[in-house]
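*Asks:* 3D model of this:
(chains A and B)
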Amino acid sequence: MRVLTLIAALAMATPATAATERPAPRPDPAKGAAVFAKWCAPCHAPGMRHPGTAALAAKYNGQLPPELERRSDLTPDMVALYVRAGISLMAPFRKTEISDPQLADLGAYLSPRPHAKGARK
Amino acid sequence: MTTPPGLTAAVFDDALREIRAAVGDEWVFTTPADTALYRDAYSLFWDEPEERLASAAVAPATVEQVQAVTRACNARGVPLYPISTGRNLGYGGSAPAYSGSVVLDLKRMDRVIEVDERNGSCIVEPGVSYFDMYRHLQSRGSRLWIDVPDPGWGSMIGNALDFGGGYTANPYRNHFEAHCGMEVVLADGEILRTGMGALPGAQTWQQYRYGFGPYLDGLFKQSTLGITTKMGFWLFPQPEAYFTASINLPRYDDLPMLVDTIGELENANIFNGMPGISSPVLFRGGKNPLDFPEIPEGAEMDRLARETGLPCWSARLTFYGPEQVIRAQWAYAKSRFPTASFTEHALVKLPLSPADMERIHKPSFGIPSLEMFAMGARSAHNPNPTDGHFWFSPIIPRTGEGFIAANRIIRQTCQRLDIPVLLFSPPVSSWWRAFILVMAIPVHKDPARNQHLRAAVKELIRVCADHGWGEYRTAPAFHDAVMDTYSYNNHIVRRVNERIKDALDPNGILSVGRYGVWPKRLREQGGRK
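*Replies:* Residues are numbered from 1 along each chain as shown, chains lettered A, B, ... in the order given. Okay, the predicted model is just below:
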């Protein structure tokens, strides 16, 4: 239930902000890489000593890569959902940790970008 | 948006208007989606009416903004709950201890004010995490180490104030004891600097902790009395080498002598790292070293030791220092155990090589990590992950007899009360001269399980108190229950805390209910749980 509320809140937040504030800058995957390195890599970097990577390896059992940076199925909305709602042991991240623009950058970094294939590790 | 208890919506709106003027609209959070980010993800009240929820959150960037927010709240009786990085998971996370409080989120105050290489010290703001400080020191090629707790995303200040500990040498691994000098905003918005910080022009704020007159810093440990906006810490000059070795003793009856002697060696500074006690015979076959089983009767343990050829007990000593000194210290330590056998591990030269980095326990080298979150997470061996955990950590006597008694009684009580355990430690020596027994208990977002757990853990707290074992720190669900056990002379500790609270924070706005200290207006309303 809370997840659905959050999706609705996220969906509503973007147009409202765009209508009343200056246009949001285009999400920047390079900045998103820095967000990933600071906030996500301690759990999601390659290697089974990273608990997020180990958990996803057990969850997907080879059907998907355990490292988020190797996934090709993530979208900015999925990234936003897990960052803001958390999952299992992963607590949500507040806006004072990852701001909404940084979250958009992170979403751009972790989403497939066909024009930039191979640019990401 | 909810309104704090006892306030009208108009008064709360007026407070928020003044707060917005001070910190900017962008950093005042009042929508349900935003305040939900301040829920304690590991709450023992998840989705129950008693869950402690923020009415709003505000994130200042400067001490002047903290003062303005505090004054706005103090003038109107708005409860204000400071958090630093908000990652005190297992002890309340980013949620207030009293529902309806405005959370004062200090994460944006993330400046490293100073690193003094000659003095081996730093001054930081509350938003500086261990990861932040490690990166800062690495980027400037510092020769200084921080001491880190298991989760590296915590705040240096927040962890020290909540009495967290780490793994390197004494005294650095006691994070509160490693601090020197504080800056605190009081409930009326005034700024206090402790120690030599009180003397204008002093260049010794991070050299002498005590200043003149009563030592005030202790008032802000696990406190409701102020908002710490700066704190100095002593940092550990990177040692030349790291070495661990174990002393193995064959018989059940050897434990009291083993604990007494390593205590004497530690008190005499023969070794400076954290000692550890284990039992090769009980952990035979590669059992999880952090799941200490119930210790059997002496005859049974001696029989197991004879049959397996394994020692009943081992004590691991850890040394940080020059190799030559460590070799001499270890030689002396060995001479104190004529009946023991010894196991020596490779001496690690510092700085670490890339290969070392892949195999070491990072916090033992002052390197932040989140690896401990593997505990309870989904893995090849655990298909059903938890939703979190909390910690139960009584201080027990630093004796062999004391550890055996606590191990058995707490294990048996957990079994009797159906308390699941993720981690059950050997005696832990984060703090010099003390043993703690540390347990991690899993949490799920399931009200029925949590209700059972809350009642059971309150009973465990009582059982421990009956034996003289008291928790050093606990989750908000148990703040009052633990404070109740510190009851000498009709709860004089709590009553003195309340007198100080009423004097320094007469409107009772700061950190309401934290660590079982309630302001006068809520004591009179029976607010204490």
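
*Asks:* could you report the neighbour count for A:Ser72?
*Replies:* A:Ser72 has 12 neighbours, counted by other Cβ atoms under 10 Å in any protein chain shown. (C-beta placed from N, C-alpha, C; glycine too.)

*Asks:* sorry, that was for B:Ile262
*Replies:* Residues near B:Ile262, counting by other Cβ under 10 Å, number 24.

*Asks:* was I right about it contacting B:Met274?
*Replies:* No - look at B:Ile262 against B:Met274 with Cβ atoms under 8 Å: they stay out of range, at 11.1 Å.

*Asks:* flag every residue of the stretch 251-400 of chain B that's near chain A.
*Replies:* Contacts of the stretch 251-400 of chain B with chain A, taken as Cβ under 8 Å from any Cβ of the partner chain, map to B:368-371, B:373-374, B:376-380, B:382-383, B:385-388.

*Asks:* quick one, which of those are buried?
*Replies:* Buried by 16 or more other Cβ atoms under 10 Å in any protein chain shown: B:368-371, B:373-374, B:376-379, B:382, B:385-388, out of those.

*Asks:* quick check: nearest residue in space to the residue of the stretch 51-200 of chain B found nearest chain A, chain neighbours excluded?
*Replies:* As assessed by Cβ to the nearest Cβ, chain A sits closest to B:Lys107 within the stretch 51-200 of chain B, at 4.0 Å. Using Cβ to Cβ, 6 or more residues apart in numbering or on different chains and skipping the chain neighbours, the partner closest in space to B:Lys107 is A:Thr96 (4.0 Å).

*Asks:* do B:Lys334 as well
*Replies:* B:Phe342 (5.9 Å).

*Asks:* got any ranges where the chain has weak pLDDT?
*Replies:* Reading this off chain A. Scanning chain A for pLDDT under 70 picks out A:1-22, A:113-121.

*Asks:* can you look at chain B instead?
*Replies:* Ranges of chain B meeting pLDDT under 70: B:526-529.

*Asks:* any chance you could map the helices in it?
*Replies:* Per DSSP state H, chain B carries helices over the ranges B:9-23, B:32-36, B:63-76, B:130-139, B:156-161, B:255-267, B:298-308, B:323-335, B:354-359, B:400-417, B:447-466, B:479-485, B:488-504, B:520-524.

*Asks:* residues contacting the spatially most central residue of chain A?
*Replies:* For chain A, the residue sitting closest to the mean C-alpha position, by Cα atoms, centre = their mean, is A:Val79 at 3.1 Å. A:Val79 makes contact with A:Leu103, A:Leu106, A:Gly107, A:Leu110, A:Ser111 under the criterion Cβ atoms under 8 Å, 6 or more residues apart in numbering or on different chains.

*Asks:* might one say that B:Pro96 is in contact with B:Pro82?
*Replies:* No - B:Pro96 is not in contact with B:Pro82 according to Cβ under 8 Å; the separation is 9.5 Å.

*Asks:* what's the burial count for B:Arg327?
*Replies:* Residues lying near B:Arg327 (other Cβ under 10 Å) number 15.

*Asks:* right, I mislabeled it, should have said B:Ala305
*Replies:* 22.

*Asks:* any idea how far chain A is from it?
*Replies:* For B:Ala305, the distance to chain A (Cβ to the nearest Cβ, to the nearest Å) stands at 33 Å.

*Asks:* gap between that residue and A:Lys31?
*Replies:* For B:Ala305, the distance to A:Lys31 (Cβ to Cβ, to the nearest Å) stands at 59 Å.

*Asks:* could you do B:Met182 as well?
*Replies:* Taken as Cβ to Cβ, the span from B:Met182 to A:Lys31 is 35 Å.

*Asks:* tell me which of the two has more neighbours.
*Replies:* B:Met182 (26 against 17).

*Asks:* residues in contact with the more buried one?
*Replies:* B:Leu192, B:Arg193, B:Thr194, B:Gly195, B:Gly197, B:Asp217, B:Phe220, B:Thr228, B:Lys230, B:Met231, B:Gly232.

*Asks:* is it true that the first one touches B:Gly226?
*Replies:* Yes - when contacts are counted by Cβ under 8 Å, B:Leu192 is listed as touching B:Gly226 (6.9 Å).

*Asks:* what is in contact with the two at once?
*Replies:* What both B:Leu192 and B:Gly226 touch, as defined by Cβ under 8 Å, 6+ apart, is the set B:Val184, B:Val185, B:Leu186.

*Asks:* got the residues of the stretch 401-529 of chain B near chain A?
*Replies:* Checking the stretch 401-529 of chain B against chain A by Cβ under 8 Å from any Cβ, there are no hits.

*Asks:* if we can go back for a sec, closest to B:Phe29 out of the shared contacts of B:Leu192 and B:Gly226?
*Replies:* B:Val185 (20.4 Å; Cβ to Cβ).
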